[in-house]
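A.B. asks: task: produce atomic coordinates for the following.
(4 chains)
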There are 2 protein chains.
Amino acid sequence: MEVSTIKNTIKDRRKKLKLSQADLSELTSVTRQTINAIENEKYDPSLSLAFKLARVLNTTVDNLFTEEGDYYGKD
Amino acid sequence: MEVSTIKNTIKDRRKKLKLSQADLSELTSVTRQTINAIENEKYDPSLSLAFKLARVLNTTVDNLFTEEGDYYGKD
DNA sequence: TTTCAATGTAAAACTTATTTTACATTTATA
DNA sequence: TATAAATGTAAAATAAGTTTTACATTGAAA
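C.D. replies: Sure thing, here's the model as predicted:
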């Protein structure tokens, strides 16, 4: 089971707005499973979805996601 | 031939830094073709690559990419 | 004007993101 | 505590991003 390299604060921000995963999925036009997978960092969202999520959650992509660790990965 | 929904200023910023597409591809660990395709907006980069590009080009994801138009797309 | 570097492009294979369908578990509330 | 809502998860299919290989065109410099 792969794990995303990028962390995010979607769950926190979603809850502050009292939205369910289903609500957020509708607001961003993806499935609830996609929201769930991204919150639980099964994989990274596309750039397009990252922008939609940031917009709906009243923030920026750079704020919502943080690329940390992995600076010495692969090669 | 599909076209990316997201615009970017990679080419401009790359040139200001006097980098070739090949240079940028090495700095971000992708192929030159990937850089070329993204500059010419054949498709969007992954979120991970978007962050790498922003970092190398001394800017942020939100600055480097702009999601415009398409507000009334698809459904 | 030749030559080399840089850029554009394309098909096939592969990897990763997303959907669809479906069900199980947890959490809130009547 | 029963019921509904929310969340977690999973397999198969499809869509989108990336690599590999390869070649053609453009641009710069000798």
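A.B. asks: partner strands of the helix or strand of chain A with the lowest mean pLDDT, with direction?
C.D. replies: Between all helices and strands in chain A, the lowest mean by mean pLDDT, DSSP states H and E belongs to strand A:65-67, at a mean of 94. With DSSP bridges as the test, strand A:65-67 is paired with strand A:6-8 (antiparallel).
A.B. asks: is the strand it pairs with positioned near DNA strand C?
C.D. replies: No - against DNA strand C, strand A:6-8 shows no contacts by C-beta under 7 Å from any atom of the strand, the least distance being 8.3 Å. The C-beta positions use only the backbone N, C-alpha and C, and glycine is treated the same way.
A.B. asks: any idea which helix or strand comes after that strand?
C.D. replies: Using DSSP states H and E, the helix or strand that follows strand A:6-8 in sequence is helix A:10-16.
A.B. asks: what is that next one packed up against?
C.D. replies: helix A:21-28, helix A:32-39 (3 or more C-beta pairs under 8 Å, 6 or more residues apart in numbering or on different chains; DSSP states H and E).
A.B. asks: quick one: contacts of that helix?
C.D. replies: A:Gln21, A:Asp23, A:Leu24, A:Ile35, A:Ile38, A:Glu39, A:Leu53, A:Leu57, A:Asn58, A:Thr59, A:Leu64 (C-beta atoms under 8 Å, 6 or more residues apart in numbering or on different chains).
A.B. asks: one more time with 6 Å
C.D. replies: A:Leu24, A:Glu39, A:Leu57 (C-beta atoms under 6 Å, 6 or more residues apart in numbering or on different chains).
A.B. asks: quick one: residues contacting the last one.
C.D. replies: Applying C-beta under 6 Å, 6+ apart, one finds that A:Leu57 lies in contact with A:Arg13.
A.B. asks: any idea how far the longest helix belonging to chain A is from the chain center?
C.D. replies: Identified as the longest helix of chain A according to DSSP state H is helix A:47-56. Chain-centre distance of helix A:47-56: 8 Å, with C-alpha atoms, centre = their mean, to the nearest Å.
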